[in-house]
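>>> Following is a predicted model, sequence given first.
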Amino acid sequence: MAQDQSIHLAADISFLHTDYLWRMPGSWVGYPYYSSGEFYEDIARIAERGVMDMLFFGDTGGTPEDYGGSYHAVVERGAKWPRHDMTPMIPLMARVTQGVGFAWTLSTTYHHPFHCARVFNALDHVTKGRIAWNAVTSAYKNEAANYGYDELMEHDERYVRADEFCAVACKLWDSIEPDAVVLDREKGIFLDPEKVHSIDHRGKYFNVRGPLPALPSPQRRPVIIQAGLSGPGLKLCADFADLQFSTRRTLPSMQSHRASLDTALAAVGRKPRDIGILWSIRIEVADSDAEYAERERRYLEAVPPDAGLIEMSWQFNVDFSKARPEMRLADFADEVASERGNLGTFHELLNTIDPNQTVREFSKRYLLERVLAATGTPKKIVDKLEELHFGTGANGGFILARGFSASDNLKNFVDFVVPELQRRGLSKTRYAGPTLRENLNG
Ligand SMILES: Cc1cc2nc3c(=O)[nH]c(=O)nc-3n(C[C@H](O)[C@H](O)[C@H](O)COP(=O)(O)O)c2cc1C
C-alpha cells in the first residue's frame with residue numbers, strides 16, 4: 001500500500017439479505033436480489049459516492065449440513081443460503097462506475113489456475129483494471145462434497161495446493177509481456193512472439209503449458225487478496241498477496257496479527273507496507289447509543305435463538321446443536337481441528353472470548369460479536385476507526401461486514417461516516433487513478 005496512511009474502505013456485499021437480513025426493515029421480501037442488476041448497480045454507485053476502494057463478493061459453494069446433521073435449518077431460515085454465483089454482477093456494476101473496485105472469490109482448492117488466470121484477465125479487462133481476486137482455500141464440508149471430495153482436504157495441505165495454484169496463475173498472467181502487442185497491419189504482425197512465453201509448469205497438483213491466450217489486462221494481474229489467519233495462511237499471503245482481509249476481534253489481537261504478517265513478509269524479503277490489511281468490522285450508525293441498543297434488540301428478536309449455533313456449526317464444521325449446557329468453546333477444539341475447518345478463526349475466538357462463557361451463552365451474541373463492531377454516532381465510529389487504524393500501523397483500512405440491514409447499512413456509512421472520515425483527512429476524497437491497484441496505493 002506504498003506509503004499511504006489513509007484509511008482504505010471496502011464493503012462485503014456477499015449474499016446480501018441472507019442470514020436473517022431478509023427479515024429486517026429495509027429488505028424487500030420477494031425482491032429478486034439475485035437477478036437484479038439494478039440493485040447491485042445502486043450499491044456500486046453508493047460505494048463510489050463514498051470514494052470506497054472496493055466491493056467484495058465472498059464465495060462458498062455449499063449448503064451446510066453441519067447443524068443438526070442436515071441442511072434443514074439453513075434452508076428454512078435463509079442462513080448461509082442461497083449461494084448464487086455473483087460474477088455476472090461485476091461487469092454490470094463496473095459499467096456504472098469509474099473508481100470503485102471489485103473483489104471476487106475463487107477457491108484454490110476446487111478450481112484450476114488456468115481457468116482462474118483466464119477469467120481474472122477477462123474481468124480485469126471489462127472492469128478496466130478494477131478487479132481483485134480473493135484467493136481462498138475453502139474450509140467447508142458440504143462445499144467439498146459438491147466438488148467431488150469425500151473429505152475436506154487437510155488444512156495445511158490446502159495451503160500447499162494454494163501456493164502452487166497462485167504461482168501458476170501468476171506465471172500465466174506474466175506470460176505475455178505488456179508490450180507484446182504489435183498490431184502492425186502492414187507487416188501482418190499481431191503480437192511479438194518473443195514476448196509471449198510458455199510456462200511449462202509441472203508440479204504436485206498442476207501441469208500447465210501456457211502461455212495465457214489473452215492480451216495483457218490493465219493491471220496485468222488482479223490485486224491478490226488472501227485472508228488466512230493461520231501460519232500457512234500468513235505464509236501464502238506473504239508470498240503472493242497485495243492485500244489481506246483479516247477478522248481480529250480486539251486491538252491487541254490485531255496488533256499481534258500485524259506483527260505476525262510482518263514477520264512472514266520479512267522472511268520472503270518483503271516489507272510491511274507491501275501488504276495492507278483491511279480489517280473486518282461491522283458498522284452501525286445511530287443517533288445515540290440508546291438508539292443503537294434498540295436496533296440491536298430488534299435484530300436479535302428477528303433471528304432465531306439458535307442462529308449463532310447454526311453459524312458456528314457452518315464455520316467450524318462441527319454440530320454445535322449437540323453442545324450440552326455446561327460446555328465451553330475449548331471443549332470443541334479437538335473436534336474442530338479434526339474436522340479441518342477455519343482453524344485460524346476458531347483460535348481467534350478461543351484467544352479473545354471469556355473462557356468461562358458456555359458455548360450456548362456465547363452463541364447468543366455470536367452474530368453481533370464474530371467481528372469487531374463500531375456503533376453509534378458518526379463521531380464515535382470515526383474515533384474508533386482512527387484508534388484501530390493508527391494502533392495497527394496505519395497500513396490498510398476496513399472492510400465493512402454486513403450490518404443489520406442490507407443496502408441501508410452501506411448508505412448510512414457513506415452518507416454519515418465517510419464525510420466525517422474525509423473531514424478529518426482520514427480517507428480520500430477522490431480516486432487516485434483508474435485502476436484498483438493505484439487506488440489502494442495512493
Ligand atoms: C473478510 C474475509 C472474507 C473471507 N471470505 C472467504 C470466502 O469468500 N470464502 C471462503 O471460503 N473463505 C473466506 N474467508 C476465510 C479465509 O479465507 C480463511 O480461511 C480464514 O480466515 C481462516 O484462516 P486459515 O484458513 O488460515 O485458517 C474469509 C475471511 C475473511 C477475514
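Here it is on my side, so go on.

>>> Buried residues in stretch 324-342, which are they?
By 16 or more other Cβ atoms under 10 Å, the buried positions in stretch 324-342 come out as Arg328, Leu329, Phe332, Val336, Glu339, Arg340, Gly341, Asn342. C-beta: built from backbone N, CA, C; applies to glycine.

>>> Quick check: phi and psi at the residue in the stretch 251-400 of the chain that the ligand sits nearest to.
In the stretch 251-400 of the chain, the residue that lies nearest the ligand is Gly344 (3.1 Å; Cβ to the nearest ligand atom). The phi and psi values for Gly344, taken as degrees, to the nearest 10, are phi -60, psi -40.

>>> Phe332 is in contact with Leu349, correct?
No - judged on Cβ atoms under 8 Å, Leu349 makes no contact with Phe332 at a distance of 10.2 Å.

>>> what's the helix or strand for Ser138?
In this structure, Ser138 sits in neither a helix nor a strand according to DSSP states H and E.

>>> residues near it, how many?
24 (other Cβ atoms under 10 Å).

>>> pretty sure the residue of the stretch 251-400 of the chain closest to the ligand is touching Gly228, no?
Yes - counting by Cβ under 8 Å, Gly344 does reach Gly228; the two are 6.2 Å apart.

>>> out of these two, which sits in the more crowded spot?
Gly228 (26 against 20).

>>> Which of the buried residues of stretch 324-342 fall in helices?
Val336, Glu339 (DSSP state H).

>>> Which one of the buried residues of stretch 324-342 is nearest to Arg248?
Asn342 (13.6 Å; Cβ to Cβ).

>>> So which residues on the stretch 301-442 of the chain come close to the ligand?
Contacts of the stretch 301-442 of the chain with the ligand, taken as Cβ under 6 Å from any ligand atom, map to Asn342, Leu343, Gly344, Thr345, Ile399.

>>> returning to that earlier point: can you check what pLDDT the model gives the residue of the stretch 251-400 of the chain closest to the ligand?
Listed pLDDT for Gly344 reads 83.

>>> Who are the contact partners of the residue nearest to Pro419 when sequence neighbours are not counted?
Distances taken as Cβ to Cβ, 6 or more residues apart in numbering place Pro378 nearest to Pro419, at 7.6 Å, with adjacent residues excluded. For Pro378, the contact set (Cβ atoms under 8 Å, 6 or more residues apart in numbering) comprises Val285, Phe416, Val417, Pro419, Glu420.

>>> Distance of Pro378 relative to Asp42?
From Pro378 across to Asp42, the span is 22 Å (Cβ to Cβ, to the nearest Å).

>>> In contact with the residue nearest to Lys364 when sequence neighbours are not counted, which residues?
Once flanking residues are discounted, Lys364 sits nearest to Gly308: 6.0 Å by Cβ to Cβ, 6+ apart. Gly308 is in contact with Phe362, Ser363, Lys364, Arg365, Tyr366, Leu367, counting by Cβ under 8 Å, 6+ apart.

>>> Remind me which helix or strand Gly308 belongs to.
Short version, using DSSP H and E: Gly308 is in helix 307-316.

>>> Ala79 now?
Per DSSP H and E, there is no helix or strand for Ala79.

>>> So it sits against Ala307, correct?
Yes - Ala79 lies in contact with Ala307 (Cβ under 8 Å); the separation is 6.7 Å.

>>> Which neighbours do those two have in common?
Here Ala79 and Ala307 share the contacting residues Tyr20, scored by Cβ under 8 Å, 6+ apart.

>>> Need the contact partners of the longest helix along the chain.
Longest helix in the chain, counting residues (DSSP H): helix 155-173. Here helix 155-173 makes contact (Cβ under 8 Å, 6+ apart) with 108-109, 113-114, 116-118, 120-121, 135, 137-139, 153, 199, 201, 203-206, 208, 210-212, 220-221, 224, 228, 230, 232-233, 235-236, 239-240, 340, 343.

>>> Using neighbour counts, trim those residues to the buried set.
Listed as buried from the contacts of helix 155-173 are 108-109, 113-114, 116-118, 120-121, 135, 137-139, 153, 199, 201, 205-206, 208, 210-212, 220-221, 224, 228, 230, 232-233, 235-236, 239-240, 340, 343; burial here means 16+ other Cβ under 10 Å.

>>> Now do the SS call for Lys187.
The local conformation at Lys187, judged by DSSP: H, G, I helix; E, B strand; the rest coil, is coil.

>>> Just the pLDDT at it, thanks.
97.

>>> now do the one 10 residues further on
At His197 the predicted local confidence, pLDDT, stands at 98.

>>> which residue packs closest to it, ignoring adjacent ones?
His197's closest residue in space is Ser175 (Cβ to Cβ, 6+ apart), at 4.9 Å.

>>> follow-up on the earlier one: show the contacting residues for the residue of the stretch 251-400 of the chain closest to the ligand.
Gly228, Leu229, Ser230, Gly233.

>>> If we use 10 Å, what do you get?
Gly344 is in contact with 139, 155, 227-234, 246-247, 257, counting by Cβ atoms under 10 Å, 6 or more residues apart in numbering.

>>> same deal with Leu215?
Contact partners of Leu215, counting by Cβ under 10 Å, 6+ apart, are Asn121, His125, Ile176, Pro178, Ala180, Val181, Phe190, Leu191.

>>> With Arg209 instead?
Phe114, Ser198, Ile199, Asp200, His201, Arg202 are the contacts of Arg209 under Cβ under 10 Å, 6+ apart.

>>> now swap in Ile7 and tell me
53, 278, 382, 385-386, 388-390, 394, 396-398, 418, 421-422, 424, 426-428.

>>> Tell me which of the residues you listed fall in strands.
Leu278, Gly396, Gly397, Phe398 (DSSP state E).

>>> tell me which of these is nearest to Leu251?
Nearest to Leu251 among the ones in strands among the contacts of Ile7, with distances taken as Cβ to Cβ, is Phe398, at 13.3 Å.

>>> Good, wrapping up.
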